[in-house]
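Student: predicted structure and sequence below. I'll ask about it afterward.
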Amino acid sequence: MDFKIGNRMIGTEYPPLVIAEIGINHEGSIEKALHMVEDAHAAGCECVKFQSHVIEDEMIPNDVVPGNTTETIWNIMKRCALSEEAEVKLKAYVESLGMIYLCTPFSRAAAERLKRMDVSAYKIGSGECNNYPLIKHIASDGKPVILSTGMNDLESIAPAVEILRAAAVPFALTHCTSIYPTPYEKVRLGGLSELADRFPDAVIGLSDHSIGNYTCFAAVALGARVLEKHFTSDKTWPGPDVPISIDPLELKELVEGSRAIHSALGGSKTILPDEKPTIDFAYACVVSITDIKAGEKLSAQNIWVKRPGTGEIKAVDFYKLIGKKIDKDMPKDKQLKWSDILEDVDKE
């Protein structure tokens, strides 16, 4: 299930790939787009994503208004669509910074444009998850695919997965809720395990539209290895996706936090050798709390457990000593040793 985009390995054993989706937050301005690329790079993000809209091949003229704006989708895309020349310029700049350039094609013409640009992978949006003809066309290029699954259930996702499998392309599936913004109670992180169980050959991720980074952090602990959030340099800029976007500081926190969480996963509840310095001061050992005469019986009146943890007999063995005798005089506040005990004691 692991695969590579450019030089970056994606999969369970690797830190999550954080995708800063600039999308159409540039509002059609190449200058804004370049500005956001620079800010994402400065935040330590490895990957930025755009959207490729060839509107005449993508949709017919319409007056449909998305739920997160008051403008028709036709007018939005007309205003925000970038030319092929602009997209080529963006890709070159992104890659000059050592970053991964991703772009979502919303039509066959856009997919052909990205193929000419020789992108390293394709991101397919939730609206195209059940657009099986377009998925098949994209998969025919043989590049890895990251497929968002908002507005789709397991049954409608399955045919898309079969297309990707048939094309022998590696792929990731990102759980997504297509509500802008997504209330936390509708994020449904349980969908991550359902995707993993149903499609075990997929890398699993989260394409998130909730406010902030909370759900992405939780998703890492649940197995997400691709994290996608809308991104803007400035939350005061106009744009339908800006209100649900994270800014450079939040992006930096997402990159650093997701890596930290990934590093903290796994392991088992054992005592680490690295904990020895702490054991030496934090553990308690059996000590005398009065002067004890040779041959005197040990009891809670003359021994107890105190720090540091550098003695032979730890607190865990305290009760084994009760009623035993010692072979020498013992001053107060002295750590006991096993050799001080006259009678045999089970040391295990």
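Tutor: Arrived safely, thanks for sending.

Student: now do K143, the pLDDT please.
Tutor: Listed pLDDT for K143 reads 98.

Student: which element, helix or strand, includes it?
Tutor: K143 belongs to no helix or strand when elements are defined using DSSP states H and E.

Student: for the protein, longest helix please?
Tutor: Assignment by DSSP state H gives helix 248-264 as the longest helix of the chain.

Student: who touches that helix?
Tutor: 14-16, 18, 20, 39-40, 42-46, 212-213, 216-217, 220-221, 227, 229, 231, 233, 246 (C-beta atoms under 8 Å, 6 or more residues apart in numbering). Where C-beta positions appear, they are placed from N, C-alpha and C, glycine not excepted.

Student: swap in stretch 306-326?
Tutor: Here stretch 306-326 has contacts from 279-287, 292, 294-300, 303-305, 333, 335-338, 340-343, 345-347, using C-beta under 8 Å, 6+ apart.

Student: buried stuff in it?
Tutor: For stretch 306-326, a neighbour-count test (16 or more other C-beta atoms under 10 Å) marks 306, 309, 311, 313, 315, 317-318, 320-321, 324-326 as buried.

Student: show me where the stretch 151-300 of the chain has its strands.
Tutor: Taking DSSP state E, counting those that start in this stretch, the strands of the stretch 151-300 of the chain run over residues 171-176, 203-208, 226-230, 285-288.

Student: in CSV, list those strands along with mean pLDDT and mean neighbour count.
Tutor: Below are the strands of the stretch 151-300 of the chain laid out as CSV (pLDDT from 0 to 100; neighbours: other C-beta atoms under 10 Å):
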stretch, mean pLDDT, mean neighbour count
strand 171-176, 98, 27
strand 203-208, 98, 28
strand 226-230, 98, 25
strand 285-288, 98, 21
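
Student: now for these, which one comes closest to T70?
Tutor: If you check each of these against T70 by C-beta to C-beta, strand 226-230 wins as the nearest, at 18.6 Å.

Student: who's in contact with L265?
Tutor: Per C-beta under 8 Å, 6+ apart, neighbours of L265: 220-221.

Student: same check, this time on G205
Tutor: 16-17, 146, 172-175, 219, 224-228.

Student: make it 6 Å
Tutor: Counting by C-beta atoms under 6 Å, 6 or more residues apart in numbering, G205 touches 172, 174, 224, 226.

Student: for E194, which non-adjacent residue is closest in space?
Tutor: Of all residues not flanking E194 in the chain, L154 sits nearest, at 6.5 Å (C-beta to C-beta, 6 or more residues apart in numbering).

Student: wait, that neighbour sits on F199?
Tutor: No: in this structure L154 lies outside contact range of F199 using C-beta atoms under 6 Å: 8.6 Å.

Student: higher neighbour count, these two?
Tutor: Higher neighbour count among L154 and F199: F199, with 22 against 14, using other C-beta atoms under 10 Å.

Student: what is the burial count for the nearest residue to that one once chain neighbours are set aside?
Tutor: Residue nearest to F199 in three dimensions, not counting chain neighbours: V161, with 5.5 Å by C-beta to C-beta, 6+ apart. Look at V161: counted by other C-beta under 10 Å, it has 21 neighbours.

Student: please report how far V161 lies from S107.
Tutor: V161 sits 22 Å away from S107, taking C-beta to C-beta, to the nearest Å as the criterion.

Student: next secondary structure after the helix or strand hosting V18?
Tutor: Here V18 sits within strand 17-23, counting by DSSP H and E. For strand 17-23, the following helix or strand on the C-terminal side (DSSP H and E) is helix 30-42.

Student: which residues are in contact with that next one?
Tutor: Contacts for helix 30-42 (C-beta under 6 Å, 6+ apart): 20, 22, 26, 48, 86, 90, 94, 97, 99, 233, 248.

Student: okay, and for the stretch 201-348 of the chain, where does confidence drop off?
Tutor: 348 (pLDDT under 70).

Student: just the helices in it please.
Tutor: Assigned helices in the stretch 201-348 of the chain, in chain order: 214-221, 248-264, 276-282, 318-321 (criterion: DSSP state H, counting those that start in this stretch).

Student: and of the strands of the stretch 151-300 of the chain, who's closest to E112?
Tutor: Evaluated with C-beta to C-beta, the strands of the stretch 151-300 of the chain place strand 171-176 nearest to E112, the distance being 20.2 Å.

Student: can you list the strands that the closest one pairs with?
Tutor: Within its sheet, strand 171-176 is paired with strand 145-148 (parallel), strand 203-208 (parallel), according to DSSP bridges.

Student: quick one: the residue nearest the centre of the chain and K332, what's the gap?
Tutor: Note on the chain: the residue nearest the mean C-alpha position is V220, at 3.7 Å, using C-alpha atoms, centre = their mean. Separation of V220 from K332 (C-beta to C-beta): 53 Å.

Student: and for R165, the neighbour number?
Tutor: 14.

Student: from here on, call the first residue 40.
Tutor: Sure thing, new numbering starts at 40, so read that last one as R204.

Student: leaving out the residues flanking it, which one is nearest to it?
Tutor: Nearest to R204 is D240, by C-beta to C-beta, 6+ apart, at 7.3 Å.
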